[in-house]
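J.: fold the following and give me the result.
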Amino acid sequence: MTSERMPLQVWILTLSAFAIGTAEFVIAGLLPQIAHAFTITEGQAGYLISAYALAIVIGGPILTIYLARFNKKSILLGLMVLFIVGNLMSVFAPNYEILLLSRAITGLVQGPFYGIGAVVATGLVSEKMAGRAVGQMFAGLTLANVLGVPAGTWVGLQYGWHSTFITVAVLGIIAFGFILTAIRSDSHSEAKNVKQQLAAFKNPLLILSLAITALAWSGFMTLYGYIAPIASHIAGFEGNAVTWILVVAGLGLILGNSLGARSADKNLAKASMFWASAMIASLVLVGLLEGNSYAFVAAVFVFGVAAFANVPSMQLRVMNHGGDGQELAGTANISAFNLANAFGGFLGGAVLDSQYGAGMIPFAAIVVPLFGLVLIAIANKKEAVIASS
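T.: I've put the predicted structure just below:
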């Protein structure tokens, strides 16, 4: 292993993140179908986003505290089993309530998997490549949005939304097989005990970093989760067009993840402020251009770049302040991401069902991230003081 080359294990984590990311975001392309299937509004269907996210927020840290005593490979395998079960429940859900429950069960996987996986990834590379290792793992999320989500949406349009969840379950089985065969039980350090992990949360900068993620990220899912209704109701696209619009958005996420990872390694403080500001600006751009079909698509691409460029710096900042509790801190940050996603799902759904409609969603999405910018400025100042002392 050299500092210039990513270990195979990191690529396996990327594959697993792809499966989980597809499960999380594919719902964005299925909202109209699910709403029709269960005779509910698209806004109510959007609450499936929030159910998944809230499971991560609440269940992720609790599971991580419990699982910290076990071998990391065993943890990752067990989580993938739960992931498969949750998606199969979605396939056979007889009503909206069971579908909500199945989404919550699936959501329990993401926080521990990404939090522990990010620690494993950074432990496999040199310190100067830590941001890129995190970015590489989270590239699975961006790849999910380029390939997994559009493909899952296409499968749903062609064969019904149940088929999409079957496909996602199969992805989980494939990821399980690769973890089983390619990740060694001794290829990473052991987790610290629970007291050591919890002690990390006495650090005010860790709490501040988690708050930054929860606030600055909230605009992402407010828009991304409702691209389908915006595209059809405002931009004038037919329902099938959402597949390739999500591909365009996903390409933006890939580029943004790469740019964000490198800029976080170069200067974390500047990267976090720049990309959070860029995401807010991109939301305004989408809102201004959503009435023009192709300008809207271009703006969605810009939004994808600006939004996902935030991910490596947000995760790396938390891990920098995690001390002996990096696993739990990393998982808590995934919870913070998904607290933002849950809020975004509720906010987008409420705006969609209100008198303002889909056209107001991008503008509503900028409000909370503005507070995140303030916290980033505060954190950068405190970190600069510590670095100079």
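J.: just to check, A17 is in contact with L141?
T.: Yes: using Cβ atoms under 8 Å, A17 is in contact with L141, at 5.5 Å. To be clear about C-beta, it is placed using only N, CA and C from the backbone, and glycine gets the same treatment.
J.: show me where the stretch 1-150 of the chain dips below the pLDDT cut-off.
T.: Scanning the stretch 1-150 of the chain for pLDDT under 70 picks out the ranges 1-4, 68, 123-127, 130-131.
J.: quick one: the helices in it, in order.
T.: Using DSSP state H, counting those that start in this stretch, the helices of the stretch 1-150 of the chain run over 8-25, 31-38, 42-45, 47-67, 72-91, 96-123, 130-143, 149-159.
J.: which residues does the helix or strand hosting H162 contact?
T.: Per DSSP states H and E: H162 is located in helix 161-182. With Cβ atoms under 8 Å, 6 or more residues apart in numbering as the test, helix 161-182 has contacts from 8-9, 12, 15-16, 18-19, 22-23, 26, 30, 33-34, 37, 73, 76-77, 80-81, 83-84, 87-88, 90-92, 148, 151-153, 155-156.
J.: what residues sit buried inside it?
T.: Within helix 161-182, the residues scored as buried using 16 or more other Cβ atoms under 10 Å are 161-162, 164-169, 171-172, 175-176, 178-179.
J.: report the angle between that helix and helix 8-25.
T.: Helix 161-182 and helix 8-25 are oriented at 160 degrees to each other (axes from the mean of the first three to the mean of the last three Cα atoms, to 10 degrees).
J.: pLDDT on helix 161-182, on average?
T.: Helix 161-182 shows a mean pLDDT of 90.
J.: low-confidence ranges in the stretch 151-300 of the chain?
T.: Ranges of the stretch 151-300 of the chain meeting pLDDT under 70: 185-194, 239.
J.: just the helices in it please.
T.: Per DSSP H, counting those that start in this stretch, the stretch 151-300 of the chain carries helices over the ranges 161-182, 194-199, 204-216, 218-224, 227-233, 242-266, 268-289, 293-308.
J.: circling back: any chance of the helices of the stretch 1-150 of the chain in TSV, with mean neighbour count and distance to I245 too?
T.: Formatted as TSV, the helices of the stretch 1-150 of the chain follow (neighbours: other Cβ atoms under 10 Å; distance: least, Cβ to Cβ, whole Å):
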stretch	mean neighbour count	distance to I245
helix 8-25	24	13
helix 31-38	18	13
helix 42-45	21	16
helix 47-67	23	17
helix 72-91	20	23
helix 96-123	24	23
helix 130-143	25	16
helix 149-159	21	9
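J.: can you pull the phi and psi angles for S354?
T.: Torsion angles at S354 (phi, psi; degrees, to the nearest 10) stand at phi -90, psi -180.
J.: who's in contact with it?
T.: M360.
J.: from I27, how far off is it?
T.: S354 sits 21 Å away from I27, going by Cβ to Cβ, to the nearest Å.
J.: do I361 as well
T.: Where I27 is concerned, I361 sits at a distance of 16 Å (Cβ to Cβ).
J.: quick one, which of the helices of the stretch 1-150 of the chain is nearest to I334?
T.: Of all the helices of the stretch 1-150 of the chain, it is helix 96-123 that lies closest to I334, at 4.2 Å by Cβ to Cβ.
J.: give the other helices and strands that the closest one contacts.
T.: helix 8-25, helix 31-38, helix 47-67, helix 72-91, helix 130-143, helix 310-320, helix 326-353 (3 or more Cβ pairs under 8 Å, 6 or more residues apart in numbering; DSSP states H and E).
J.: list of residues touching the fourth one?
T.: What it means is helix 72-91. 16, 19-20, 23, 67, 98-99, 101-103, 105-109, 112-113, 116-117, 120, 162, 165-166, 168-169, 172-173, 175-176, 179-180, 183-185, 187-188, 190-191.
J.: if we can go back for a sec, so can I have a markdown table of the helices of the stretch 151-300 of the chain showing distance to A365?
T.: What follows is the helices of the stretch 151-300 of the chain, written out as a markdown table (distance: least, Cβ to Cβ, whole Å):
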| stretch | distance to A365 |
| --- | --- |
| helix 161-182 | 25 |
| helix 194-199 | 33 |
| helix 204-216 | 12 |
| helix 218-224 | 4 |
| helix 227-233 | 11 |
| helix 242-266 | 14 |
| helix 268-289 | 5 |
| helix 293-308 | 10 |
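J.: out of these, the one nearest T41 is which?
T.: Of all the helices of the stretch 151-300 of the chain, helix 227-233 comes closest under Cβ to Cβ, at 10.2 Å.
J.: for the closest one, packing partners?
T.: helix 31-38, helix 242-266, helix 293-308.
J.: okay if I get those helices as a markdown table plus distance to A228?
T.: Formatted as a markdown table, the helices and strands packed on helix 227-233 follow (distance: least, Cβ to Cβ, whole Å):
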| stretch | distance to A228 |
| --- | --- |
| helix 31-38 | 6 |
| helix 242-266 | 5 |
| helix 293-308 | 12 |
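J.: on that earlier part again, centre of the chain to the helix holding H162, how far?
T.: 18 Å (Cα atoms, centre = their mean, to the nearest Å).
J.: what's the angle from that helix to helix 31-38?
T.: 120 degrees.
J.: distance check, N338 against G43.
T.: Taking Cβ to Cβ, one finds N338 at 19 Å from G43.
J.: on that earlier part again, and G325, which of the helices of the stretch 151-300 of the chain is closest to it?
T.: Among the helices of the stretch 151-300 of the chain, helix 194-199 sits nearest to G325 (Cβ to Cβ), with 3.7 Å.
J.: where's the closest one relative to the chain centroid, distance-wise?
T.: With Cα atoms, centre = their mean, you get 25 Å for helix 194-199.
J.: which strands or helices does that helix pack on?
T.: The helices and strands touching helix 194-199, judged by 3+ Cβ pairs under 8 Å, 6+ apart, are helix 47-67, helix 326-353.
J.: buried residues, the longest one. List them.
T.: Along helix 326-353, the positions that meet the burial threshold by neighbour count (16+ other Cβ under 10 Å) are 326-349, 351-352.
J.: quick one, what contacts A332?
T.: G60, P61, G115, F201, L210, V318.
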